[in-house]
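A.B. asks: output the structure for:
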Amino acid sequence: MTTTTYAYVPFPAPTPADPCDTCGGQGVTGDRYEMPTDTGQRLLVEVFCPACKGCGNGSHEQCKHGAHADDEFELGDVVAEDACPSCDGRGWTPVPGWSASDPGAVAVVLMRVPCGCTEGRAQLVDDPDELEERALLGASCSDEANAQGWGSHV
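C.D. replies: Here you go, the predicted structure:
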């Protein structure tokens, strides 16, 4: 039996004053997908909360630009001079995913895909359930992602 090793980049949970009712202020749903890379390494990526879009806030009154997965950036809108130009210093890029079982599907999930600038923070994980033991969110995704090339459920 072969073991699949995943690269997983942990991100700190937001600390909102008014936590989102859907995700409890975590900014992600707890669903994870396996995503292949050009190098053959498989990433374990999380899904942004559809209600708060990743900021963790219920009210958005204190949100800064860039806190949400759907905040738009133009190339060069870097938040700090030394920030990564690919992710504008956020460490992730939002990537839409959808169900292949629905031929007229529109994007139904927005995944938090780590930027290459976070490579040094990546942890190698053989068992995604091991992440729960590290007090991170649990995995619960479907095989629907496999048909779109996002990999198999983990």
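
A.B. asks: continuing past the helix or strand hosting residue 30, what's the next helix or strand?
C.D. replies: Secondary-structure element containing residue 30, defined by DSSP states H and E: strand 28-36. Taking DSSP H and E as the definition, the helix or strand that follows strand 28-36 towards the C-terminus is strand 42-48.

A.B. asks: did I read that right, residue 113 in a helix?
C.D. replies: No - assigned with DSSP: H, G, I helix; E, B strand; the rest coil, residue 113 falls outside any helix and is strand.

A.B. asks: double-check residue 53 against residue 68; I have them as touching.
C.D. replies: Yes - Residue 53 is in contact with residue 68 according to Cβ atoms under 8 Å; the separation is 3.9 Å. Placement of C-beta: from N, CA and C, glycine included.

A.B. asks: the strand holding residue 30 to strand 42-48, inter-axis angle?
C.D. replies: With axes from the mean of the first three to the mean of the last three Cα atoms, to 10 degrees as the basis, strand 28-36 and strand 42-48 are set at 150 degrees to each other.

A.B. asks: what's strand 28-36 packed up against?
C.D. replies: Secondary structure elements in contact with strand 28-36, counted by 3 or more Cβ pairs under 8 Å, 6 or more residues apart in numbering; DSSP states H and E, are strand 42-48, strand 109-114.

A.B. asks: let's see that with 6 Å instead.
C.D. replies: In this structure, strand 28-36 packs against strand 42-48, with contacts taken as 3 or more Cβ pairs under 6 Å, 6 or more residues apart in numbering; DSSP states H and E.

A.B. asks: that'll do, ta.
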